[in-house]
Every structure is written in C-alpha cells, then in structure tokens.
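Novice: Build me a model:
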Amino acid sequence: MITNTDSENERMAAEVRARLDRLPSSRFAWKLLLLLLPVWVLESYDIGTIGTTLAVVKSVWEPSGFEVGALAISSTLAIALGLVPSGRLVDRVGRRKVLLGGVIWFTVFTAAAGLAPNIWILILLRFLAGLALGAVFPLPYVYLAEFMSPGLRARFVGYLNGVLTAAYIIPPVTAIFLLNNVDEEIAWRLLHIFSVVGLLYAVAVFKFLPESPRWLACQGRGADALALIARIERSVEAGGGTLPPVELAQVEPGAGAGSGSNGRRPALDIFRPPLLRRTIVVWLMFFGTLPLFYVVLAFAPTLMVESGYALTNSLAFVAGLQLTGGLGGLVQGYLSDRFGRRPLVAGYGALSIVGLSLLATGDSLVMLLVAGALVGFFGLGIFPVAKLYIAEQYPVELRGVGTSSTEAFGRLFGGVIFAYLVPFIAEAVGTSGVIWTVCVLTGMTTVLPILLFGRETKGIDIDDQAMNARTLPRAGSIPAATADSN
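Specialist: Below you'll find the model as predicted:
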C-alpha cells in the first residue's frame, strides 16, 4: 500500500526532474563545469605519469618483462576492481561524498609513489591510488547527466572531456621539462610528488560542490532537492536567464524512482530487461574504446623509443595526440546534441580505425602526422559522448552501479588484460601488429554493437524513460517504449 509519504516523495521527484530539465545554460552550469573540471585534470595527470615512468624505470631499475607489465597495469587493475563496489557506494551515500573521498585517497597515494624505493613498492602504491580513481572516474559524467537539461548534456560533457583529454599533455610536457633539467631518477619521482596539489582541490569540493538533486529526491529528500533547485533557479534569473514554465508529468502511484525503498534497487537489475541489452551494448562499446587509449598513453613512448625516436620527441608526439583528442571531444559533444549519440560514437570509432590503418602502413613523417591527427581527434576524442551515453542508459537509483560496472568491464579487459599483452604482441608481430589488433577491437566491439543494437538517447528525460517508469511522458519527451525501440 502506498503511503502519503511515498506519494509525496514521488510528486517531489517528478517536480525535481521537470525543473532540472528546463534549466538553460547559465552561470551555475559553468560553475559546476569548473568545479568538476579539476577532477579529470588530476586523474589525467595521475594516469599520464605511467608512460614516462615506464620509459625511465626500464633504464634505471632494469626490471623484468613481468615487472614492466605489472607496473603498466597496476593502477588500471585497481580501477577495475574498485569500480563496482564504489558505484554501489555512489548510489547509497551520494555522489559528493564519494568524489571528495576519492580525490583525497588517490592524491595521497600518487604522491607517495614518488618516494618508492623499488619497483614493487611503486606497483603497490599505484595500485592503491587506482582503487580511488575507480571510484571517481564516472562521477563527472553522472553529475552533468543529472544536472544538465537534455539539450545541454552532451555539449557540457564535451567541454569537460575535451579538457580532460587535452590535460593528458600535462604529464609528458612536465616530464620533458624535468628530463631536460634534472636526473632521470629524480624526474619521474617529482612527476608523482607534484600531484599533492590535489588536496587543495578537495577543499573546494567540500565547500562548493552540491549533491545531485535527482539523487536527493531518490533518497526521499525531495524537500532538500527542491530547495537546491530553487537556489539554482534564482542564480539563473539573476544572470538574466529565462525559465520556461514547469511541465509536470502525471505520476502513477508506485512508479517513482526508488519510492518506498530509499532509492535502493538490486544491482543485478542492470542485467534484467529492459536494461540487459543496454548494458551489453555499452559494456562492449566502452571496452572497444580503451585499447587505443592505453596503447597511446602507456606504451607509445616506449614503442617509439624502440623504433628509434628520442624519448623527448616521443613524449611530444603523445602530447600532440592528446591535445588533438581534446579538440575532438569538444566537437563531438556539440555535434551529438544536434545529430545524436549513436552516429557520433560509431563515426568517431570508424574514423579512428582509418587513422590507425595509416599509422600502421605509413612510412613518412607526413603520413605519421596525418595518422596521428586522425587517431588523436577521433580515437582519443570519442570518450565524452561515449561516457554520457553510458550514464543515460540507467535510472538514478542504478546510475552509479551501471556506469561503474561498465567502466570496470572495459578497463579490466581493455586496460588491464589487453594492456598487459601489448609488449608480448609487439614482440611477436611488431608495433604494426599491435595497431591492427586495436583496429579489429574498435570495429567489432565499439562501432558495430552501437550501430546494430544501441538506442538513441539524444534529448531524452533520463529518469522518465530510463527504467520501469510507469510515469506518463512529459510533454514533448520521448515515451519509454519509443526511446527503447532503436
């Protein structure tokens, strides 16, 4: 039997969704973007240190092949292991608390890695840092998906992810500066120690970052959510923005997200219809995007050095790829709000294959630069809409576990297992063999599944249609059955 309290919670949750979905671009939206941006700058810095560290440590400590592979995957393995439980934690205790704790955790252990006396302590510390990286990775996408209106989501995710991808130039540029000014043994250590500045960002998160109103409403805290939205609306109007009327859907009793259960649903619901097909598609799609990313990030400097390029030149080439990828992410976010998620993700995947093919067959500097531009722009620029697409598949009470389980699957198979096999593939069939393997994986697991079985999510109300919503569609929105028919 539905109580009055449950009915009121459902009404407030519907009002939260309707009021958020009408918000225009505003100063608040840009403030939120700026608050989330350092999360990924810090993460990109942490992950981006591994390419330089591998190249230097191989000459300083002369590790075995097994140790090199273990160092290459240590952080990513921890990310994959930590993602699923942290995703459940995100759905239970909130987005803000997990983000704050995760930033503090990975900052401390990344900085401590710079003091490692040997390779196994270094591996351990990078593993410990990776556990918190796994908790934090999906949260900026979740935040933007839950705060932004349907017409702004991909654009703002594109802005954020463009900065993230471009931020990967910071580690190689910093490494080039350090390698030119201090001894190699000191350079890689300073690269890690510099990450301690992340503790300053944690203070900003604590003071200024709000909790998601959708999550608050899902937890039965609709009054808190509406009070937060009222402050946002006042900020929009103070900045000269215009708010359209609120169009509330009719709510059928018992249909509200998390009604009567404090927003808790079994995590295994992501493997039951109608979410099962969505989960399979996004798991495959995200897995297929990662081999290229990790080959560029972790192994490109080493592979290029072994092909005869100077380490500093190799790092500069990787930095150029990341900068180009940032531009690609910005463009993808803008275009997907106009043309849809599916064609942009599939198109970027296909064009990254073209770039990889040229990289594998080209024998001139000009061809290398053209191929690098394609790989960077499309292969590294694919992530903003791909990750937003993941978040748009799941209802608010399962969005944490849905996004984190997708990240876990993709990073385990694309970032751990495949990345560990890269040196062995290169030894067996050469660098070109690694590149052709990435081509096949991208085509078979990213491009084809989303084209054949993916559903379009452009313009949807992510909570009205995302799961079992028996709520009637809001005026102008896509009914659940229609949205899921692709």
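Novice: Please enumerate the helices of the stretch 101-250 of the chain.
Specialist: All helices of the stretch 101-250 of the chain, identified by DSSP state H, counting those that start in this stretch, fall at 119-136, 139-147, 153-167, 170-181, 184-193, 198-208, 213-218, 222-238.
Novice: how close does Pro291 sit to Gly130?
Specialist: Applying C-beta to C-beta, to the nearest Å, the value for Pro291 to Gly130 is 18 Å. In short, each C-beta sits where N, CA and C put it, glycine included.
Novice: try Ile460
Specialist: Distance from Ile460 to Gly130, counting by C-beta to C-beta: 33 Å.
Novice: Next: Leu209.
Specialist: Applying C-beta to C-beta to Leu209 and Gly130 gives a distance of 23 Å.
Novice: and the two? which has more neighbours close in?
Specialist: Set Leu209 next to Gly130 and count neighbours by other C-beta atoms under 10 Å: Gly130 wins out with 27 against 17.
Novice: quick one, what contacts that one?
Specialist: Counting by C-beta atoms under 8 Å, 6 or more residues apart in numbering, Gly130 touches 74-79, 82, 106.
Novice: Now with 6 Å, please.
Specialist: With C-beta atoms under 6 Å, 6 or more residues apart in numbering as the criterion, the residues that contact Gly130 are 75, 78-79.
Novice: if I look at the most centrally placed residue in the chain, how far off is Val345?
Specialist: Nearest residue to the geometric centre of the chain (C-alpha atoms, centre = their mean): Pro138, 4.9 Å. Look at Pro138 and Val345: by C-beta to C-beta, they are 17 Å apart.
Novice: that older thread, to Met285, which of the helices of the stretch 101-250 of the chain lies closest?
Specialist: helix 139-147 (14.1 Å; C-beta to C-beta).
Novice: average pLDDT across that closest one?
Specialist: Mean pLDDT, helix 139-147: 88.
Novice: Then stretch 372-385?
Specialist: On average, stretch 372-385 scores 88.
Novice: Show the model's pLDDT score for Arg11.
Specialist: 84.
Novice: what about it, helix or strand, and which?
Specialist: Assigned by DSSP states H and E, Arg11 falls within helix 4-20.
Novice: If you count contacts, what does that helix end up packed against?
Specialist: Contacting helix 4-20 under the criterion 3 or more C-beta pairs under 6 Å, 6 or more residues apart in numbering; DSSP states H and E are the following elements: helix 213-218, helix 222-238.
Novice: angle of that helix against helix 222-238?
Specialist: 20 degrees (axes from the mean of the first three to the mean of the last three C-alpha atoms, to 10 degrees).
Novice: Quick check: Ala217 vs Thr431, distance?
Specialist: For Ala217 relative to Thr431 (C-beta to C-beta), the value is 52 Å.
Novice: And those two? Which one has more around it.
Specialist: Between Ala217 and Thr431, Ala217 has the larger neighbour count (other C-beta under 10 Å), namely 30 against 19.
Novice: The more buried one: what's it in contact with?
Specialist: Contacts of Ala217 by C-beta under 6 Å, 6+ apart are 12-13, 16, 225.
Novice: next one: Cys439
Specialist: If you count contacts by C-beta under 6 Å, 6+ apart, Cys439 has them with 353, 356.
Novice: Could you do the one 3 residues further on as well?
Specialist: For Thr442, the contacting residues are 288, 349, 353, taking C-beta under 6 Å, 6+ apart as the criterion.
Novice: hmm, 10 Å instead?
Specialist: 287-292, 348-350, 352-353, 356, 379, 382, 448 (C-beta atoms under 10 Å, 6 or more residues apart in numbering).
Novice: Pull out the buried positions in the helix or strand where it lies.
Specialist: According to DSSP H and E, Thr442 maps onto helix 418-442. By 16 or more other C-beta atoms under 10 Å, the buried positions in helix 418-442 come out as 418-423, 425-426, 431, 434-439, 441-442.
Novice: Quick one: name whatever helix or strand follows that helix.
Specialist: For helix 418-442, the following helix or strand on the C-terminal side (DSSP H and E) is helix 448-453.
Novice: follow-up on the earlier one: what's the spacing between the helix holding Thr442 and its chain's center?
Specialist: 24 Å (C-alpha atoms, centre = their mean, to the nearest Å).
Novice: What of stretch 275-282?
Specialist: On C-alpha atoms, centre = their mean, the centre of stretch 275-282 falls 17 Å from the chain's centre.
Novice: what comes into contact with it?
Specialist: 268-272, 342, 386-387, 389-395, 398, 402-403, 405-406, 409-410, 449-450, 452-455, 457, 466-468, 484.
Novice: buried sites along it?
Specialist: 275, 278-279, 281-282.
Novice: Quick one: those residues as JSON lines, columns for distance to Leu178 too.
Specialist: Formatted as JSON lines, these follow (distance: C-beta to C-beta, whole Å):
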{"residue": "Leu275", "distance to Leu178": "47"}
{"residue": "Arg278", "distance to Leu178": "44"}
{"residue": "Thr279", "distance to Leu178": "43"}
{"residue": "Val281", "distance to Leu178": "42"}
{"residue": "Val282", "distance to Leu178": "38"}
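Novice: Take those residues and keep only those in helices.
Specialist: Using DSSP state H, the members of the buried residues of stretch 275-282 that fall in helices are 275, 278-279, 281-282.
Novice: Which one of these is nearest to Leu32?
Specialist: The closest of those, once distances to Leu32 are taken by C-beta to C-beta, is Val282, at 24.2 Å.
Novice: Let me see the contact set for the residue nearest to the closest one when sequence neighbours are not counted.
Specialist: Nearest residue to Val282, sequence neighbours excluded (C-beta to C-beta, 6 or more residues apart in numbering): Ile390, at 4.7 Å. Ile390 is in contact with 138, 141-142, 145, 278-279, 281-283, 285-286, 341, 399, 402-407, 410, 457, counting by C-beta under 10 Å, 6+ apart.
Novice: how far does the helix or strand Ile390 falls within sit from the chain's center?
Specialist: Per DSSP H and E: Ile390 is located in helix 383-391. The gap between where helix 383-391 is centred and where its chain is centred comes out at 7 Å by C-alpha atoms, centre = their mean.
Novice: what's the distance between the nearest residue to Ile123 once chain neighbours are set aside and Ile462?
Specialist: Using C-beta to C-beta, 6+ apart and skipping the chain neighbours, the partner closest in space to Ile123 is Ser74 (4.6 Å). Remark: distance between Ser74 and Ile462 (C-beta to C-beta) = 35 Å.
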